[in-house]
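In: Sequence first, predicted model second:
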Amino acid sequence: MRKVLLPTVIIISVVLILMRLFYLQIIDDTLLTKSNNNAIKIIYDYPERGYIYDRNGKLLVANQPSYDIMVTPKDVKNMDTLEFCELLNITKADFIKIIKKAKVYSPRLPSVFLPQLNKKEYAAFQEKQRKFQGFEIVKRSLRDYQVHVGANVFGSITQASPKIIEKNSYYNPGDLIGVQGVEQSYENILRGIKGVKYRQKDKFNKDIGSYKQGKFDTTAVRGEDITLTIDGILQEYGESLMVNKRGGIVAIEPKTGEILALVTAPSYDPAILVGRQRSRNYTNLWRDSIAKPLFDRGLLAQYAPGSPFKIVTGLIALQEQVIDENYTVMCHHGFSYARGRFMRCHGFGPHQLHNGIYMSCNAYFGTVYMKTINKYAKPPAAVDVFAKHARSFGLGNYMGYDLPTGKKGRIPDSKLYKRMYPNGGWRSTAIVSNAIGQGEIEATPIQLANMIATVANEGYYYTPHVIKKIKGQKIDSKFLKKHMTTIDKKYFKPVISGLFDVYNLGTASHLKVEGIDICGKTGTAENFARVGGKKIQLEDHSIFVAFAPKDNPKIAIAILVENGGYGATIAGPIASLMIEKYLKGKITRTDLEKRILEKSLKNEYQKFTKKNMDSLTNARKKEVDSTQFEN
């Protein structure tokens, strides 16, 4: 037995060793990969990003060549650092800092030393590149904007962050990636596919030719072009009308949900986020915490919608059958709805649905809202019914559009009021402000635009989107799905009739456009801010929603101008001008256009800033006085 045991152990051990060697050398390529990392140099060929066009085929965003200087730290030897720094207009401290950062990443692998050189800088460096061992140039493409507008729509491209590189193996240090706007949403389509070349090195790290005759090399594939739903001319016009103002404009084609214009103000020229000055310019934009040019007000700003929400209030009251078209409310410049409580109104006399809409009667809509809530035995159940109807218009939730940012707004339900009134006891009189788009209701401009587009369609909408066409591909099917509201179609016609007379008999009668039947609704939303811990009232926000033509609508639009006053003062004229520009291609009311183009609200914004600063100064003074007293 002992004679057999020893040979058996030896044979088994030899077999196991041979199996392990076979696995390591033939099956497992880990060691081969590590060896190749030292013997093979990988060179990436970066593709051009796809072009971006507007709905009419106008080129909006193209490309321009750019050059990155890459460094492999272990190869940097015997160089004139001073000459190198002077050539690239950097300091020696910058040089040392960047080299240290590159070494942390990898001493043996190339990383970006200086990104986005222009042609002139590239030519100067290329002439002397042979003197700087360890440095090489990689060609990339940067965006070349054909327009000076639409920064919030396009987004921009920047270097992929370490977090993105860690999560996504496609990206390497120095690679560019789309951030915000369509550059981010359609990154995988626009970026293309990198090409790869494998170059073999000898033991002295010299290039000795293509690895295996280029068997594993691949060619770069250019990114696909995309066509946006945006109308470039309308976008540019909208941004010009919003100069020296703050707010947002969203225009939608009702029958498709295609976004025609998406304006935020203030904005900036997208070209300033291209090239070596990108970081500095972005920082300046980001630090502007007052005007907030990086804040897309069309998608992110949540405001009390004001009187345009009366449209929804009326439709829900009709659907719940608490009123009909002829239901009448007497208005005495407002109405008393509880002991000592009075809701003011500009109207007077009897109001029914039709003139309640075009005269924007608070008393009428406050009354019908209370009737809707009081229909149910318990207010929480009634509020949830109302919320369900309102949310069917796309309000109070993320809309699912194809831009990477947004806010859900707020349609209050019983859960909210249970938190606000933990002891219960609340009723319709406590929440009646919701009737006129105040109270706890909030909406973004894109939600208001979608709401009025839904009314134009008499009860349905398509999810708003900015993608119209992708070369060689289909757009997401969710943008082709019709969303129905909970309101029967028959109730929309009397409301639309009232909206039509807003331009004929009501609050926007001075804004009519010859030859275009426009339906609209003015809005003036109260605007409060906290300054030094105190709630103060500022100039109201100016709001307007509209669609045109009345029959077979082609454009629906929402405008909100911060501190703009009455809806018919600034937002209304902008709506009329945008509609005429889109449908006619020209402006007939040039006097109105001139007034809006020249209108500046800088003084209003500065008033708030001054109040804010004064309040902070007083608060600090009180702190100092208090400290002195304590001492």
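Out: Nice, thanks for sending it over. Residues are numbered from 1 along each chain as shown.

In: All the strands of the stretch 101-250 of the chain, residue numbers only.
Out: 111-117, 135-145, 156-159, 176-179, 195-201, 207-210, 226-228, 247-253 (DSSP state E, counting those that start in this stretch).

In: need those strands in JSON lines with mean neighbour count and distance to residue 508, can you?
Out: The C-beta positions use only the backbone N, C-alpha and C, and glycine is treated the same way. Shown next, in JSON lines, are these (neighbours: other Cβ atoms under 10 Å; distance: least, Cβ to Cβ, whole Å):
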{"stretch": "strand 111-117", "mean neighbour count": "21", "distance to residue 508": "49"}
{"stretch": "strand 135-145", "mean neighbour count": "18", "distance to residue 508": "36"}
{"stretch": "strand 156-159", "mean neighbour count": "21", "distance to residue 508": "38"}
{"stretch": "strand 176-179", "mean neighbour count": "21", "distance to residue 508": "39"}
{"stretch": "strand 195-201", "mean neighbour count": "15", "distance to residue 508": "57"}
{"stretch": "strand 207-210", "mean neighbour count": "12", "distance to residue 508": "71"}
{"stretch": "strand 226-228", "mean neighbour count": "24", "distance to residue 508": "30"}
{"stretch": "strand 247-253", "mean neighbour count": "28", "distance to residue 508": "17"}
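
In: Nearest to the middle of the protein, which residue? Look it up for me.
Out: residue 405 (4.2 Å; Cα atoms, centre = their mean).

In: and that one, what does it touch?
Out: Listed by Cβ atoms under 8 Å, 6 or more residues apart in numbering, the contact set of residue 405 reads 180, 296, 299-300.

In: Where among the strands of the stretch 101-250 of the chain is average confidence lowest?
Out: Of all the strands of the stretch 101-250 of the chain, mean pLDDT reaches its minimum on strand 207-210 (a mean of 68).

In: Just the residues contacting stretch 381-392, thanks.
Out: 312, 315-316, 319-320, 372-376, 396-397, 411-414, 417, 428, 431, 434, 483-487.

In: Could you tell me which of those residues belong to strands?
Out: 483-484 (DSSP state E).

In: from the contacts of stretch 381-392, which ones fall inside helices?
Out: For these, the ones inside helices are 312, 315-316, 319, 372-374, 414, 417, with DSSP state H as the criterion.

In: which one of those is nearest residue 566?
Out: Closest approach between these and residue 566, by Cβ to Cβ: residue 312, at 20.9 Å.

In: Count the neighbours of the nearest residue to the closest one once chain neighbours are set aside for me.
Out: The shortest distance from residue 312 to any non-neighbouring residue, by Cβ to Cβ, 6 or more residues apart in numbering, is to residue 390 (5.5 Å). By other Cβ atoms under 10 Å, the residues close to residue 390 number 25.

In: Check residue 482 too.
Out: As a measure of burial, residue 482 has 11 neighbours, counting by other Cβ under 10 Å.

In: Number of residues surrounding the closest residue to it other than its chain neighbours?
Out: The shortest distance from residue 482 to any residue other than its chain neighbours is 5.1 Å, reached at residue 460 (Cβ to Cβ, 6+ apart). A count of neighbours around residue 460, defined by other Cβ under 10 Å, yields 15.

In: Wait, a helix at residue 331?
Out: No - counting by DSSP: H, G, I helix; E, B strand; the rest coil, residue 331 is not part of a helix but strand.

In: can you tell me which residues contact it?
Out: Each residue near residue 331 by Cβ under 8 Å, 6+ apart is listed here: 345, 347-351, 361-364.

In: Show the model's pLDDT score for it.
Out: 88.

In: so what's it bridging to?
Out: Per DSSP bridges, the residues bridged to residue 331 are residue 349.

In: State the distance from it to residue 375.
Out: 22 Å (Cβ to Cβ, to the nearest Å).

In: for residue 516, same thing?
Out: Counting by Cβ to Cβ, the gap from residue 516 to residue 375 is 39 Å.

In: mind showing which ranges of this structure have poor pLDDT?
Out: Along the chain, the model assigns pLDDT under 70 to residues 1-6, 9, 20-38, 201-207, 209, 213-214, 529-533, 608-631.

In: Could you point out the longest strand of it?
Out: Every strand in the chain considered (DSSP E), the longest is strand 534-548.

In: What is the neighbour count of residue 236?
Out: 17.

In: which residues does it contact?
Out: Counting by Cβ under 8 Å, 6+ apart, residue 236 has contacts 147, 149.

In: how about the closest residue to residue 371 other than its chain neighbours, what does it touch?
Out: For residue 371, ignoring the flanking residues on the chain, the nearest one in space by Cβ to Cβ, 6+ apart is residue 322 at 4.3 Å. Shown in contact with residue 322 (Cβ under 8 Å, 6+ apart): 368, 371-372, 375.

In: now, among those, which is nearest to residue 171?
Out: Using Cβ to Cβ, the contacts of residue 322 come closest to residue 171 at residue 372, 53.2 Å.

In: If residue 534 is in a bridge, with which residues?
Out: Applying DSSP bridges, one finds that residue 534 bridges with residue 531.

In: and it, how many neighbours does it have?
Out: Other residues close to residue 534 by other Cβ under 10 Å number 9.

In: That one and residue 603, how far apart?
Out: Residue 534 is 22 Å from residue 603, by Cβ to Cβ.

In: follow-up on the earlier one: tell me what angle the longest strand of the chain forms with strand 247-253.
Out: 20 degrees (axes from the mean of the first three to the mean of the last three Cα atoms, to 10 degrees).

In: Buried residues of strand 534-548, list them for me.
Out: Using 16 or more other Cβ atoms under 10 Å as the test for burial, strand 534-548 gives 538-548.

In: list the helices and strands that strand packs on?
Out: On a contact count with 3 or more Cβ pairs under 8 Å, 6 or more residues apart in numbering; DSSP states H and E, strand 534-548 meets helix 445-456, strand 519-531, strand 555-561, helix 571-584, helix 602-630.

In: now for the second one, which elements pack on it?
Out: With contacts defined as 3+ Cβ pairs under 8 Å, 6+ apart, strand 519-531 has these neighbours: helix 492-504, strand 534-548, helix 571-584, helix 602-630.

In: hang on, the earlier thing: dump the C-alpha coordinates for the helix or strand where the residue nearest to residue 312 lies into PDB.
Out: Here residue 390 sits within helix 379-391, counting by DSSP states H and E. Provided in PDB are the C-alpha atoms of helix 379-391 (Å, rounded to 0.1, in the frame of the first residue of the first chain):
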ATOM      1  CA  PRO A 379     -63.000  66.900   2.300                       C
ATOM      2  CA  PRO A 380     -60.100  64.500   2.000                       C
ATOM      3  CA  ALA A 381     -62.000  62.300  -0.400                       C
ATOM      4  CA  ALA A 382     -63.100  65.400  -2.400                       C
ATOM      5  CA  VAL A 383     -59.500  66.700  -2.600                       C
ATOM      6  CA  ASP A 384     -58.300  63.400  -3.900                       C
ATOM      7  CA  VAL A 385     -61.000  63.300  -6.600                       C
ATOM      8  CA  PHE A 386     -60.000  66.900  -7.700                       C
ATOM      9  CA  ALA A 387     -56.300  65.900  -7.700                       C
ATOM     10  CA  LYS A 388     -56.900  62.900  -9.900                       C
ATOM     11  CA  HIS A 389     -58.700  65.100 -12.500                       C
ATOM     12  CA  ALA A 390     -56.000  67.800 -12.400                       C
ATOM     13  CA  ARG A 391     -53.200  65.300 -12.700                       C
END
